[in-house]
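Asker: Sequence first, then the predicted structure:
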Amino acid sequence: MDYSNSNNNPSPLFQSCANKNLIGKKKGLSFADLTKKINQNLKVPIQQIKIMATKMSQVSKVMKTSKGRDKICQIIQYSSDLTHACYQHSNIENIQKQYLEGLLKGPKVANNVKHSIKNGRKIFKLFNFLLEFKRIQMVIEKRKPILYKIALILCRITNFFYYLFDNILWATKIGKFSNLLTHSPKTIKLLKDLFCFAKIIIKIIISVYKCQKRKQKIRTILQKTAGKSTVIIEPNEKYFYMSKYLLTQRIKFREDRFKILVKILQFLMLCKRLRIYLVSDHFGDIAYASFGLFATIINTLKNISEKQKLVKIQQSQDNNNNIQKVKNKIFA
């Protein structure tokens, strides 16, 4: 019996039978097949969730320390500063007109966020100047060249006064503390910026010196391991520890170069703040905020990525005593 119509279209009875067969097939899907399909659909999201969890765990490690929290707040501060500067110096006539008339809410919110976070960040630096005494003692105990030690001590002394004046500046904004000071907040801020300026110059010199020393060490190791690039190195061999030490030096070399870049950006920012001739006139508020944001992001990412690489190298068949012995033989 033919259940189809004359136009070769399926009849309603044929469609209902087909639907029943399809429904029967769906109902006949086994639990194992259903689980397999669910796992296949969830495979990609689960991998993405794992990647996100790894990244967030790295951020949480940064947030555990007061310095890490200060860096995150610094990113928010310079982002708000950049937003406000873009509104203030906009080339679009409509936006510039609305900004001058005070009709835009964005610049006001960005400016309030910037100032509130700027004042809040000072709490992370509270009494940090007391830590410099211990750091100076540690520098004195190091076996380093005398000029290098003098530079480190000067850096710690400038850091001491920078944190001290920063804490005093924070205290001037708290009620009765401001009445105890004989100098104005502008003078205290100028002293703080001058000590910070001196600290950055010394740190740039130290970082350049460390880069040159690490470059010499890397060259020496490469000369010692010449001809071993195609040889399989077994663990606990001399060249195995030399390779680990080489990787460590290369990571620290990259870290020192990043430090130089960050310090140069901070140097330009302080030139703008201190209104140093021929430097501050060449860039405005947008460049100042961009330099601060860029330097902070580089510094934060550098601290996350480079420290993880160093930990992995040190944890792989960790035997630091053997590495130290090999190091002493290389540079004896």
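Answerer: Sure thing, it's come through.
Asker: tell me, how many neighbours does residue 33 end up with?
Answerer: Residues near residue 33, counting by other Cβ atoms under 10 Å, number 10. C-beta here means a position set from N, CA and C on the backbone, and glycine is covered the same way.
Asker: actually residue 170, not the one I typed
Answerer: For residue 170, using other Cβ under 10 Å, the count is 18.
Asker: how does the chain divide into domains?
Answerer: Domain assignment for the chain by automatic domain parsing gives 1-60, 65-125.
Asker: In terms of mean pLDDT, which of the ones you listed ranks lowest?
Answerer: Lowest mean pLDDT within those: domain 1-60, a mean of 57.
Asker: Next, give phi and psi for residue 294.
Answerer: Here is the backbone geometry of residue 294 (degrees, to the nearest 10): phi -60, psi -40.
Asker: which one is it nearest to, not counting chain neighbours?
Answerer: Leaving aside its sequence neighbours, residue 294 sits nearest to residue 265 (Cβ to Cβ, 6 or more residues apart in numbering; 6.5 Å).
Asker: Next up, the contacts around that neighbour.
Answerer: Residue 265 makes contact with 291-292, 294-295 under the criterion Cβ atoms under 8 Å, 6 or more residues apart in numbering.
Asker: Residue 88: which of those residues is nearest?
Answerer: Minimum distance to residue 88 across the contacts of residue 265 is 15.8 Å, recorded for residue 292 (Cβ to Cβ).
Asker: can you pull the contacts of the closest one?
Answerer: Contact analysis of residue 292 by Cβ under 8 Å, 6+ apart lists 74, 77-78, 81, 265, 269.
Asker: if I read this right, residue 164 contacts residue 130, doesn't it?
Answerer: No: using Cβ atoms under 8 Å, residue 164 is not in contact with residue 130, being 9.4 Å away.
Asker: CA-only coordinates of stretch 240-255 in PDB, if you can.
Answerer: Only the C-alpha atoms of stretch 240-255 are listed here, as PDB (Å, rounded to 0.1, in the frame of the first residue of the first chain):
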ATOM      1  CA  PHE A 240      74.000  19.500  33.400                       C
ATOM      2  CA  TYR A 241      74.500  21.900  36.200                       C
ATOM      3  CA  MET A 242      76.300  24.300  33.900                       C
ATOM      4  CA  SER A 243      73.200  24.300  31.700                       C
ATOM      5  CA  LYS A 244      70.900  25.000  34.700                       C
ATOM      6  CA  TYR A 245      73.200  27.900  35.800                       C
ATOM      7  CA  LEU A 246      73.200  29.200  32.200                       C
ATOM      8  CA  LEU A 247      69.400  29.300  32.100                       C
ATOM      9  CA  THR A 248      69.200  31.000  35.500                       C
ATOM     10  CA  GLN A 249      71.700  33.700  34.300                       C
ATOM     11  CA  ARG A 250      69.700  34.300  31.100                       C
ATOM     12  CA  ILE A 251      66.400  34.700  33.000                       C
ATOM     13  CA  LYS A 252      68.100  37.200  35.400                       C
ATOM     14  CA  PHE A 253      69.700  39.000  32.400                       C
ATOM     15  CA  ARG A 254      66.300  39.500  30.900                       C
ATOM     16  CA  GLU A 255      65.000  40.700  34.300                       C
END
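Asker: Quick one: mean pLDDT for that stretch?
Answerer: Computed over stretch 240-255, the average pLDDT equals 82.
Asker: Compare residue 164 and residue 130 (neighbour count), which wins?
Answerer: The residue with more neighbours, out of residue 164 and residue 130, is residue 164; 19 against 12, by other Cβ under 10 Å.
Asker: Skipping adjacent residues, who's closest to the more buried one in space?
Answerer: residue 129 (4.5 Å).
Asker: Residue 106 now?
Answerer: residue 87 (6.1 Å).
Asker: quick one: the helices in the stretch 201-332 of the chain?
Answerer: Here the stretch 201-332 of the chain has its helices, by DSSP state H, counting those that start in this stretch, at 238-274, 285-315, 320-330.
Asker: Equivalent analysis for the stretch 51-200 of the chain, please.
Answerer: Remark: helices assigned in the stretch 51-200 of the chain by DSSP H, counting those that start in this stretch are 66-88, 93-101, 106-121, 131-141, 146-171, 185-224.
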